[in-house]
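[1] quick check, what structure comes out for this input:
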Amino acid sequence: TIGEALYYSGQSDTILVHPGVYRERLIMPGHDFLLASEFYFTHDSSALYNTVIDASDFAEEDTASVLTFFNGNSRATVVSGFTLRGGHGFAPEGGFGTGGAIYIEESHPTILSNIITGNQAVNDVGILAVSAHPRIAQNLIYDNCGMGSVMSVFQYSSLDEMALIEWNDIAQNWGCYYPEWPYLAGSMVYVVGCGAVIRFNRFHDYFGNFSLGVHFYGAWGELLGNRFERLTCVHFEGTQDDGLVVHLYHSRVTVRDNLFQDCSVENPALMITNRPLQAPRMIERNWFENIQSSGVAGAAGLNIIEPSGTIRDNVFIRCTGPLGAIGLSFFSEGTQGCQATIEGNHFFFNHTLQIPERGSALVAVGTGDAMCTLRDNWFEGNGGFAVEHEHYPNPLEWDCRNNYWGDPSGPYHSTLNPEGRGDTVGDHILFDPWLTEPPTSSSAPFSPFALTAQDWKLEGAFPNPFNSATQIRLISSRPQPFEVMVYNLLGQRVRRLWRVIVPKDTPVSLTWDGRDEAGQTVATGLYFIVATSRLSTSSGFKTCKVLCLR
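    Down below sits the predicted model:
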């Protein structure tokens, strides 16, 4: 059994598991090891699907997760290449099961390239990590059921060590405890009281009732390059719903290069709840497209309570809700007010629900003594008032000068600029002077109508033909992640070359030494180097041909 192999293994041993169904639940030893199927070495997907660890025979046990880590493993412990199913979680002393497939406590393993499916628990139906900072990477997580979240990371005290959740695909997990409540009430990823870097994951095609994507609670870290697509909030009578995609609650998180697309929510796609006078944050280069919010208040795209920091180079297109694309609320006492700088953003065709005089692109509501700074933004085609604010008890003038309003004549205002043919602005908005042409943004060269996340190119290989090595270059007009593969004429993958983040406008050169996955020299022939963007919404891959001559 796999369990016996683990028992007799030593530090840094490799345990290779051949295809088959192993009806076991594994409690991991404390030393570091590699536990892998043949997929880890061959990348043959049949080994991934056909090497199964099934813990369903242990459903009545206290320790019924497929994998349980108690003993202080480091990141050097790797579990890779399995289908993990039938787990019912860890439930000490008969409590509720948590961590349906994987339970991690005071350990920090690497969970790499697995399929996590068919597991069940009240909470954390996929993975629960307590006082841990594991790496969860390249897993397919779907069709698990329970009541709460899919994955949670809790209470790791170190500020320097973060959980790493990257390149996972999460879809179609569901609720199975109450017939009248068939959707998960928790988040897909829930981070509480610790640090986490969540990057390049794809959350797509499912229904939910709480935070449909990620929830940071009293936590810190980064949200980078993720895709949130076709997520739908389901409202249940008598429940207190968040009904949003990402919620940062009293958390210090940088949000960059994420895509929010085709989501139907109760509240905004991205909700940020700050404490008064909390340190500034960065919301940068995110793309919000076709977000529909049906809640009674709040914006469809981004809503911030006690805003501070910089909101820069984001795109909001066809967002519809009570407050349109962005809503800002500031109610702290004293002179704080709104401490956010809003610059270089693009607002196109956003609308409000039923109340045309509300800000369809941006609205601010507050009582502080300072308004946000708004500059170098591009507004076009937004319904009703594109920008307006409600300030209590006395209105403040909002400095919205040096923005482009969709026409050289400036924004329309019934008395201050009745000849303006641009988007309409509300009262107490300082808009003169305005930009007479769209601003040139330093970091977000988005085309407003192309509906693609970004442009990039793959430059052809040199030398070509080659004997010992050839080189390609990737260039992107925004930072984004790429995966690069080599295929032969039969379409068989020869080698996975790189996973790399390409910086903005900075070419990255990559070299292929003419070897395959096993390190063997390839034969003479024609090969294809394929680069795939993990962030673009179209033109997702590009190819160049290379000729190897031996």
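
[2] which SSE is immediately downstream of the lowest-mean-pLDDT helix or strand in the chain?
    Sorting the helices and strands of the chain by mean pLDDT, DSSP states H and E puts strand 493-502 at the bottom, at a mean of 76. Counting by DSSP states H and E, the next helix or strand C-terminal to strand 493-502 is strand 508-512.

[3] okay, now the sheet partners of that next one, with direction.
    In the sheet, strand 508-512 lines up against strand 470-476 (antiparallel) (DSSP bridges).

[4] the helix or strand following the strand it pairs with - contacts with which helices or strands?
    Downstream of strand 470-476, the next assigned helix or strand under DSSP H and E is strand 480-487. Applying 3 or more C-beta pairs under 8 Å, 6 or more residues apart in numbering; DSSP states H and E, one finds that strand 480-487 makes contact with strand 470-476, strand 493-502, strand 525-533. Where you see a C-beta, it was placed from the backbone N, CA and C, and this is true even at glycine.

[5] closest to Asn168 out of those?
    strand 493-502 (13.3 Å; C-beta to C-beta).

[6] please name the strands paired to the closest one in the sheet, noting orientation.
    strand 480-487 (antiparallel).

[7] so how far is the partner strand off the chain centroid?
    Mean C-alpha position of strand 480-487 versus that of the full chain (C-alpha atoms, centre = their mean, to the nearest Å) differs by 19 Å.

[8] mind exporting that strand as CSV, just the C-alpha atoms?
    Extracted in CSV, the C-alpha atoms of strand 480-487 (Å, rounded to 0.1, in the frame of the first residue of the first chain):
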residue,chain,number,x,y,z
GLN,A,480,1.2,38.7,-17.3
PRO,A,481,2.0,35.0,-16.9
PHE,A,482,2.9,32.7,-19.7
GLU,A,483,3.4,29.0,-20.2
VAL,A,484,5.7,27.8,-23.0
MET,A,485,5.7,24.2,-24.5
VAL,A,486,7.4,22.4,-27.3
TYR,A,487,5.5,20.0,-29.5
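
[9] what angle sits between that strand and strand 525-533?
    If you take axes from the mean of the first three to the mean of the last three C-alpha atoms, to 10 degrees, strand 480-487 sits at 160 degrees to strand 525-533.

[10] could you dump the helices and strands packed on strand 480-487 to a markdown table with distance to His250?
    Listed next are those as a markdown table, based on distance: least, C-beta to C-beta, whole Å:
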| stretch | distance to His250 |
| --- | --- |
| strand 470-476 | 34 |
| strand 493-502 | 29 |
| strand 525-533 | 34 |
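
[11] can you lay out the ones you listed as TSV showing mean neighbour count and distance to Phe210?
    Listed next are the helices and strands packed on strand 480-487 as TSV, based on neighbours: other C-beta atoms under 10 Å; distance: least, C-beta to C-beta, whole Å:
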stretch	mean neighbour count	distance to Phe210
strand 470-476	19	34
strand 493-502	17	30
strand 525-533	18	30
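
[12] of all these, which one is nearest Ala64?
    strand 493-502 (34.0 Å).

[13] just the CA atoms of that closest one, as CSV, please.
    Output of strand 493-502 as CSV, limited to C-alpha atoms (Å, rounded to 0.1, in the frame of the first residue of the first chain):
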residue,chain,number,x,y,z
ARG,A,493,4.3,17.4,-26.1
VAL,A,494,8.1,17.2,-26.1
ARG,A,495,8.8,19.4,-23.2
ARG,A,496,7.3,22.0,-20.9
LEU,A,497,9.9,24.7,-21.0
TRP,A,498,8.9,27.6,-18.8
ARG,A,499,6.3,29.2,-16.6
VAL,A,500,7.3,32.8,-16.5
ILE,A,501,5.9,36.3,-15.7
VAL,A,502,6.8,38.7,-18.5
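
[14] picking up where we left off before, of all the helices and strands packed on strand 480-487, which one is nearest Asp513?
    Asp513 lies closest, by C-beta to C-beta, to one member of those: strand 470-476, at 8.7 Å.

[15] and the contacts of that closest one?
    454-464, 482, 484, 500, 502-512, 514, 529, 531, 533, 544, 546 (C-beta atoms under 8 Å, 6 or more residues apart in numbering).

[16] figure out which of the helices and strands packed on strand 480-487 is closest to His108.
    Going by C-beta to C-beta, the one of the helices and strands packed on strand 480-487 nearest His108 is strand 493-502, 20.9 Å.

[17] name the residues that touch that closest one?
    With C-beta under 8 Å, 6+ apart, strand 493-502 has contacts from 43, 167, 225, 456, 474-476, 479-488, 508, 510, 512, 515-517, 522, 527, 529.

[18] buried ones among those?
    43, 167, 225, 456, 474-476, 479-486, 510, 512, 522, 527, 529 (16 or more other C-beta atoms under 10 Å).

[19] and the nearest residue to Glu38 once chain neighbours are set aside, how close does it get to Cys233?
    Spatially, and ignoring its direct neighbours in sequence, Glu38 is nearest to Ala47 (4.1 Å; C-beta to C-beta, 6 or more residues apart in numbering). Remark: distance between Ala47 and Cys233 (C-beta to C-beta, to the nearest Å) = 38 Å.

[20] between the two, which is the more surrounded one?
    Cys233 (25 against 20; other C-beta atoms under 10 Å).

[21] distance of that one from Pro465?
    Distance, Cys233 to Pro465, by C-beta to C-beta: 55 Å.

[22] do the same with Gly410
    58 Å.

[23] more neighbours, these two?
    Set Gly410 next to Pro465 and count neighbours by other C-beta under 10 Å: Gly410 wins out with 24 against 12.

[24] got the phi/psi numbers for the more buried one?
    phi 90, psi -180 (degrees, to the nearest 10).

[25] start at 31, not 1
    In the new numbering, first residue 31, that becomes Gly440.

[26] I'd like to know how far the nearest residue to Glu547 once chain neighbours are set aside sits from Pro495.
    Nearest in space to Glu547, with sequence neighbours left out and distances taken as C-beta to C-beta, 6+ apart, is Arg525 at 5.2 Å. Computed as C-beta to C-beta, the Arg525 to Pro495 distance reads 18 Å.

[27] equivalent analysis for Asn432, please.
    54 Å.

[28] what does Ala355 give?
    The spacing between Ala355 and Pro495, counted by C-beta to C-beta, is 51 Å.

[29] can you pull the contacts of Val576?
    Val576 touches 491, 494-496, 500, 542, 556-559, counting by C-beta under 8 Å, 6+ apart.

[30] sort out which one of the residues you listed lies nearest Tyr38 for me.
    Using C-beta to C-beta, the contacts of Val576 come closest to Tyr38 at Trp542, 39.7 Å.

[31] tell me the contacts of the closest one?
    491, 499-502, 516, 525, 527, 559, 576.

[32] quick one: low-confidence parts of the stretch 81-230 of the chain?
    Along the stretch 81-230 of the chain, segments meeting pLDDT under 70 span 124-125, 186-189, 210-211, 215.
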